[in-house]
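here is a sequence with its predicted model. Questions after.
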Amino acid sequence: MTKKSSKATPRKPRTDALRNRERILEVAKEAFTRRGANASLDEIAKEAGVGAGTLYRHFPTRDALIEAVYHTEVQKLAAAERKIAEAMPPVEALRTWMLLFVDYIAAKQIIAPVLNTFVGGASKLYEGSRAPIHGAIEALVKRAIKSGDIRKDLVPFDLLRAVIGVSSVATSPDWQQSAKRLVDILITGSRPVK
């Protein structure tokens, strides 16, 4: 007689459950961006095409949903670096990724007040996002420097600081358009002097 292991292997989520989760996160990001962190969870479920029970099964609390949206955005931003770098010339890849970074900041600004209410504040969440974002910008800048499209003395994080600076002093709802224009100015200003 064989003895059964007391540790059960967790089942992989079903494909439809994964699709539902991804759709909820996508809709939640849009809802939080448009209506703020207090957007109705029932409306998010409805827009995602799932029942409220499905939403709560994946995300038992508003905080859990907001945190998941934030983590998903960080993961997308980090993964985008590799995809963009493979598909575009170095300087265009850098520009495209920085435009995505502006969108990431917009999502982060909307949910930041709620993230800050977590026990211990949002610093732990933000710390976890720092490494993948720094790694992405460093890889893109290094590639653009190697191709000769960007000056050798450019510090990758300076580009992010400039965009973050614009977003942190933003008082108008069109700050994103301003930040995106700044990306083009930064790229132009980072070109080697000839």
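Received, thanks.

ok, the spatially most central residue of the chain - contacts?
Geometric centre of the chain, nearest residue: residue 73, 2.5 Å, by CA atoms, centre = their mean. By CB atoms under 8 Å, 6 or more residues apart in numbering, the residues touching residue 73 are 29, 104, 107-108. For glycine as for every other residue, the C-beta is placed from the backbone atoms N, C-alpha and C.

can you map out the helices along the protein?
In the chain, the helices defined using DSSP state H lie at 15-35, 41-48, 52-58, 62-87, 90-115, 123-147, 156-168, 175-189.

would JSON lines of these with mean pLDDT be doable?
Formatted as JSON lines, the helices of the chain follow (pLDDT from 0 to 100):
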{"stretch": "helix 15-35", "mean pLDDT": "89"}
{"stretch": "helix 41-48", "mean pLDDT": "96"}
{"stretch": "helix 52-58", "mean pLDDT": "94"}
{"stretch": "helix 62-87", "mean pLDDT": "90"}
{"stretch": "helix 90-115", "mean pLDDT": "82"}
{"stretch": "helix 123-147", "mean pLDDT": "85"}
{"stretch": "helix 156-168", "mean pLDDT": "86"}
{"stretch": "helix 175-189", "mean pLDDT": "90"}
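
good, we can wrap up now.
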